[in-house]
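> Turn this into a structure:
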Amino acid sequence: MATAHAEVSDLCFSPPPRAAGRLRRYAPASRPAETGPGRIPDYVVFAAVALRHREWEVTHQSDTDVPYRARHCSGAVTAEADDVALLDVVLEAYRPPASVRARTRGEGAAG
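Next up, the predicted model:
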């Protein structure tokens, strides 16, 4: 039981306050703009494309030759591109069949 008490007290430990003269402003270390595993290059553009094309599930996988992928909500169509701007053009140009358009708008399946 003494060990459990020691673990709880370790979690509650806080360091002593710093002297007022030694306080420093928080300045985060600057990060390089390079892309690493798990990072989406030009994330702002990627997010804008995903928001603009809500009927598509837009994903990024950095360890492939064609990292950008979009799957239509019908599940029948998948588009891939190596550039997010190109994927945006493809998704803008694609028009699903009328039955899929009706279902995505919530109007029921066409006839």
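> could you pull out the strands for this protein?
Assigned by DSSP state E, the chain shows strands spanning 56-60, 68-72, 78-81.
> Return the most buried member of those strands.
The highest average neighbour count among the strands of the chain, using mean count of other Cβ atoms under 10 Å, belongs to strand 68-72 at a mean of 19. For glycine as for every other residue, the C-beta is placed from the backbone atoms N, C-alpha and C.
> List the contacts of that strand.
Contacts of strand 68-72 with the rest of the structure, by Cβ atoms under 8 Å, 6 or more residues apart in numbering, involve 46, 53, 55-61, 77-84, 86-87, 90-91, 94, 96, 100.
> give me that answer again for 10 Å
With Cβ atoms under 10 Å, 6 or more residues apart in numbering as the contact definition, strand 68-72 has outside contacts at 40-41, 46, 49-50, 53, 55-61, 77-88, 90-91, 94, 96, 100, 104.
> quick one: pLDDT of His5?
Looking at His5, its pLDDT reads 51.
> from memory Leu51 sits against Asp88, does it?
No: under the contact definition of Cβ atoms under 10 Å, Leu51 does not touch Asp88, with a separation of 11.1 Å.
> Need the residues touching each of those two.
For the pair Leu51 and Asp88, residues contacting each of them under the criterion Cβ under 10 Å, 6+ apart are Val58.
> count of residues packed around Val84?
The number of residues packed near Val84 is 21, by other Cβ atoms under 10 Å.
> Having no further points to raise, I will conclude here.
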